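Novice: no sequence on this one, just coordinates:
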Ligand code: FES
Ligand SMILES: [Fe+2]
């Protein structure tokens, strides 16, 4: 298991991080932080830049929405969930683990 | 032609709803005092209206594409790029908020080879609509802005392949669409609704809870289950004597009807009227375990008025708002307006629901029921974003939804009758259902309006 420590993000924003060679997207939706793999399961394009809101991220390419807490997709374009990572708050810092 | 009876002639024995609320300490909204009952006939409603595939197909062909129907609430598409898909039968529309904050609606189909741009029922955010098949891209204004390998499409010129618009308009915070480009204006279609709702600030509400359930019954029978209070005694009160609420049933041209029934007023059929204190005792604890002891009804006041104040304070504390301006009737009563063909709005305080029903596109014996709770927005605080709908299948219980509170069990009671009704439609020795002239007039109104469209 490995971890990254990061500062909290601004509300409804996201940032690309790297964890053991994997591109990870840290997101702050409505004040809670989530981390998901930075790759859409529809056509493998990066999720970075997609809008984060209400516990979901919308892929910037075709708009598939993923539930940030489970990685489950909505709609019919893909049935494959995106990988999620553990996130916890430690002394005001965000700790992401795989 | 229908024969007009004077209001009250076909009504239950005893005082009317209007007479009951005139006794309230606070002035009820003027629209509650209006009576608009009309005798619409008493012939049986054919079961084929519910069970026949041909009838359902005729509805899809002649009615659904011509009526104004609620696609979503404005808060579903609050910001530029937000979109919501609304599906009815084979038709699907994308409703979105443009750069200039206008609301627009488009047929959910790519102008290249027809691929649906968004999934059924989907919502989300995008900067443009990009087709997943060959990547044609449309702006939020519906213009084709990127055509990959455009050398191959000399025949795509100017705005020839922009997304096709669907009529869209708003009222009361609801976004309505109509697939008929020649449809009458929404403001006309709404009839008395804007006038009756002028004091209710229905646009200043937000969605607190949203549940969508699949029902084992035709969409019209599903709606009809919510159009009368006649079933209350048997379905919800275990057949208890004198549990019939005092109700007004009204029909307004062309697309509106309503009922309003009292909560906590004397049932005129009781041989010995309970005291106001006894009534108070019955009301107390209705909203779950109440703190403290049952208030004493002061001399000259009614239990209903005292209870309304209690409810206003309880809800006021939960929502950090002042509800003391609501009248007793608006606070307590079950106030249900219907807009043909599929929208129900409850503008009251304690029963804050909105219903939308839609047929299953393949099978007339099934339908979908969206149930929303709308709460008044706080004057200063930002309301939470609209929740994702909780999807329930036929066998799932409404009690899974925390937001419905004690009403979850009530909705289970309502929907448990439905599969049995569908089965009965098919085995009945009689060819149609009988309706009460007064209490079930709204069901007849619905059937007649559908019939009007099918005849066109
Ligand atoms: S069908 Fe939409 S781009 Fe080809
Ligand atoms: Fe009911």
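Specialist: Now that the structure is in, tell me what you want to look at. Because the structure is predicted, anything quoted here is derived from the model rather than measured. Ligands and ions are numbered 1, 2, ... in the order given.
Novice: For the closest residue to chain A within the stretch 301-450 of chain B, grab phi and psi.
Specialist: As assessed by Cβ to the nearest Cβ, chain A sits closest to residue B:385 within the stretch 301-450 of chain B, at 4.6 Å. (C-beta placed from N, C-alpha, C; glycine too.) Note on residue B:385: backbone dihedrals following degrees, to the nearest 10 are phi -70, psi 160.
Novice: Which residues are in contact with it?
Specialist: By Cβ atoms under 8 Å, 6 or more residues apart in numbering or on different chains, the residues touching residue B:385 are A:30, A:53-54, B:75, B:78.
Novice: Name the nearest residue to the closest residue to ligand 1 within the stretch 351-456 of chain B, sequence neighbours excluded.
Specialist: Nearest to ligand 1, among the residues of the stretch 351-456 of chain B, is residue B:361, at 21.9 Å (Cβ to the nearest ligand atom). Excluding the flanking residues, the one nearest residue B:361 by Cβ to Cβ, 6 or more residues apart in numbering or on different chains is residue B:89, at 4.7 Å.
Novice: Repeat that for residue A:16.
Specialist: Nearest non-adjacent residue to residue A:16, counting by Cβ to Cβ, 6+ apart: residue A:48, 5.0 Å away.
Novice: Could you tell me how far the residue of the stretch 301-450 of chain B closest to chain A is located from residue B:210?
Specialist: Distance from residue B:385 to residue B:210, counting by Cβ to Cβ, to the nearest Å: 11 Å.
Novice: Please apply the same query to residue A:40.
Specialist: 26 Å.
Novice: For residue B:343, give the beta-bridge partners.
Specialist: Beta-bridge pairing for residue B:343 (DSSP bridges): residue B:339, residue B:356.
Novice: Apologies, that question was intended for residue A:57.
Specialist: According to DSSP bridges, beta-bridge pairing links residue A:57 with residue A:52, residue A:66.
Novice: I'd guessed residue A:47 sits against residue A:38; true?
Specialist: Yes: between residue A:47 and residue A:38 there is a contact under Cβ atoms under 8 Å: 5.4 Å.
Novice: can you list residues touching both of these two?
Specialist: Residues touching both residue A:47 and residue A:38 by Cβ under 8 Å, 6+ apart: residue A:25.
Novice: quick one on the thing from earlier: have a look at residue A:40 and residue B:210 and say which one is more surrounded.
Specialist: Taking other Cβ atoms under 10 Å in any protein chain shown, residue A:40 and residue B:210 do not tie; residue A:40 has more neighbours (25 against 21).
Novice: Is it correct that the more buried one is in contact with residue A:80?
Specialist: No: counting by Cβ under 8 Å, residue A:40 does not reach residue A:80; the two are 9.6 Å apart.
Novice: Just the terminal-to-terminal distance for stretch B:154-163.
Specialist: Stretch B:154-163 has an end-to-end distance of 18 Å (criterion: Cα to Cα, to the nearest Å).
Novice: now the strands for chain A?
Specialist: Along chain A, counting by DSSP state E, strands occupy A:3-6, A:14-19, A:22-29, A:32-37, A:52-53, A:56-58, A:65-67, A:84-90, A:93-97.
Novice: Which positions in stretch B:218-238 come out as buried?
Specialist: Neighbour counts over stretch B:218-238 (16 or more other Cβ atoms under 10 Å in any protein chain shown) mark B:218-233 as buried.
Novice: Closest one of these to residue B:378?
Specialist: Minimum distance to residue B:378 across those is 29.1 Å, recorded for residue B:226 (Cβ to Cβ).
Novice: For the closest one, give its distance to chain A.
Specialist: Look at residue B:226 and chain A: by Cβ to the nearest Cβ, to the nearest Å, they are 29 Å apart.
Novice: buried set for the helix or strand encompassing residue B:416?
Specialist: Using DSSP states H and E, residue B:416 falls within helix B:407-427. Neighbour counts over helix B:407-427 (16+ other Cβ under 10 Å) mark B:407-408, B:410-411, B:413-415, B:417-418, B:421-422, B:425 as buried.
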